[in-house]
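Q: Starting from these lines, generate the structure:
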Amino acid sequence: MMKSVNFLEELLDFRRESEHCFTISINNTKESIFQQEGEPPARTTKAVSIYRNVPDYFVIDFYRNGSGFKQKTIATYKGSLICIEDYEDLEHFLKTKLSPKRISRLRTYKRRLENTFNIRYVTYFGGIEDNQYSVLMQALKRMMEVRFMEKGATHLDLAKWPHYEKIGKELILKKQACLFVIYDGDKPISISFNPVMDAFLYGYFRGFDTDYSKFYLGFTDLLQQLEWCFANEIRFFDLLRGDFEYKSRFVDKSYFFRTHVVFPSHHLTSQLNAYLSVATLFVTYELYYPITARIKGYFGYLIRLLFGKRAPKKTETTFHSIEMTVEDFNSMEQGNLHRISLQNPELKFLVRAAYSFLYSHTETVESLTVFQLKGAHKTFVFKGQKAVQKVIFT
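A: Next comes the predicted model:
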């Protein structure tokens, strides 16, 4: 008999750690964050239990000493951790991690976002209305789908979205998770769903409206989360798996997710099954994945060497812009300009280009007027208070 358990899911989604272990403590400090109360979890004498996705910054007792069980562990994936407790506040963190120039750039992103749109920041932690929760989770799913479709990638957890949507609200109400939201008026444009356990915040899901991509919402969203961590005595921010640029700039350390194989030491068949599982894990993570990654790297290098760097994939929203002066605009035949609204669903493709114009020219959304050239259905004009730009879609 063999049982496979996603331990991180059991820990954060269901809070069922008491069904699997006796104690959990932080590796460096030995500080306890969970202690089994009452009777220990039942463990079948012949069962082999495989616990996947166990962060190695935890020391976990899956069985009592002298209980007749043993365990073997294998490192699988790397995770990333920000040690909030090492910094006095957000300002100290930024000054430690980033150069003054980059800090200034982050503040510019945030300031331009706030000056351009009607921005507000909301964190749902301990309370949220049913309808609001449903709207936000559907919006988050849609943002993630669009983002990964544009990247030509697949977000594996989207297949389990009904599960996350089902458990999320209860976790928020129990202060076991929070939603970080950036609104433009009443429209959510950036959403992050993060479980909370003890002094740990976990970066589960984040998504943003790609129409606002010029404003680098990912950085502003991360600053919002970090500020909340400092205000709420969070000591560790676990960014989990994934190799993204922003992580390399902000993380303090990497760690390994490990798989623990727990088995009875007195039962021969169980021992054989356990060691076979360990051998399979070793081959997969120590040999197969590293070798295939290296082969892909060499193959990619060869392709670039022979054929040059591959051009980015074009989308329907590819466009180029031409700067105009106010005088150029005034000299245009006004009868050839048809004023249009970005609220028209048929013109959705135009929004990202319009917001890029607002960012580049420090204009506000209230000052923006959009025109379409008659007889040229792919040519538009953006006019603000200070700048004018012609945009041609291809």
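Q: What's the first helix or strand after the strand ranked longest in the chain?
A: Taking DSSP state E as the criterion, the chain has its longest strand at strand 69-83. Proceeding N to C from strand 69-83, the next assigned helix or strand is helix 90-97, under DSSP states H and E.
Q: Same question for that following helix: list its buried residues.
A: For helix 90-97, burial by neighbour count (16 or more other Cβ atoms under 10 Å) applies to 90, 93-94. All C-beta atoms are positioned from the backbone trio N, CA, C, and that covers glycine.
Q: Next, the contact list for the most centrally placed residue in the chain, please.
A: Centroid-nearest residue in the chain: Arg206, 3.8 Å away (criterion: Cα atoms, centre = their mean). By Cβ atoms under 8 Å, 6 or more residues apart in numbering, Arg206 lies in contact with 190-193, 218, 221.
Q: and of those, the nearest to Glu145?
A: Ile191 (12.9 Å; Cβ to Cβ).
Q: Can you give the contact residues for the helix or strand in which the closest one is found?
A: Element membership for Ile191 (DSSP H and E) is strand 187-197. Here strand 187-197 makes contact (Cβ under 8 Å, 6+ apart) with 11-13, 33, 125, 135-137, 139-140, 143, 164, 168, 171, 175-183, 201-209, 211-212, 217-218, 220-221, 225, 234.
Q: returning to that earlier point: of the contacts of Arg206, which one scores lowest on pLDDT?
A: Of all the contacts of Arg206, Gly218 has the smallest pLDDT value, namely 91.
Q: do you know how far that residue is from Lys390?
A: According to Cβ to Cβ, to the nearest Å, Gly218 and Lys390 sit 30 Å apart.
Q: Sort out which one of the buried residues of helix 90-97 lies nearest Ile24 for me.
A: Closest to Ile24, out of all of the buried residues of helix 90-97 and judged by Cβ to Cβ, is Phe93, at 26.5 Å.
Q: Relative to Glu233, how far out is that closest one?
A: From Phe93 to Glu233 the distance is 15 Å (Cβ to Cβ).
Q: do the same with Leu240
A: 21 Å.
Q: How about Leu106?
A: With Cβ to Cβ as the criterion, Leu106 and Glu233 are 24 Å apart.
Q: Also Glu129?
A: From Glu129 to Glu233 the distance is 26 Å (Cβ to Cβ).
Q: Give the next helix or strand downstream of the longest helix anywhere in the chain.
A: The longest helix of the chain (DSSP state H) is helix 130-151. On the C-terminal side of helix 130-151, the nearest following helix or strand under DSSP H and E is helix 161-173.
Q: Give me the contacts around that next one.
A: 13-14, 124-128, 130, 133, 137, 141, 157, 177-179, 193, 195, 204-205.
Q: returning to that earlier point: how far out from the middle of the chain is the longest helix of the chain?
A: Averaging C-alpha positions (Cα atoms, centre = their mean, to the nearest Å) puts helix 130-151 12 Å from its chain's average.
Q: Now tell me which helix or strand of the chain has the poorest mean pLDDT.
A: Least confident helix or strand, the chain: helix 289-307 with a mean of 67, by mean pLDDT, DSSP states H and E.
Q: Specify the next element, helix or strand, located C-terminal of that one.
A: Helix 289-307 is succeeded, C-terminally, by strand 319-324 (DSSP H and E).
Q: how close does Thr108 sit to Arg206?
A: 21 Å.
Q: Contact partners for the nearest residue to His320 once chain neighbours are set aside?
A: Excluding the flanking residues, the one nearest His320 by Cβ to Cβ, 6 or more residues apart in numbering is Ile392, at 5.9 Å. By Cβ under 8 Å, 6+ apart, the contact list for Ile392 reads 319-322, 378-380.
Q: and these, which are buried?
A: The neighbour-count test (16+ other Cβ under 10 Å) marks 319, 379-380 as buried among these.
Q: which among those gets closest to Ile340?
A: Nearest to Ile340 among these, with distances taken as Cβ to Cβ, is Phe380, at 7.7 Å.
Q: Contact partners for the closest one?
A: Phe380 neighbours (Cβ under 8 Å, 6+ apart): 340, 350, 353, 370-373, 390-393.
Q: I'd like to know how far it sits from Phe319.
A: Counting by Cβ to Cβ - Phe380 and Phe319 are separated by 9 Å.
Q: hey, what's in contact with both of those two?
A: Joint contacts of Phe380 and Phe319 (Cβ under 8 Å, 6+ apart) are 353, 391-393.
Q: Could you tell me which residues make contact with Phe62?
A: 20-22, 49, 51, 69, 71, 260, 262.
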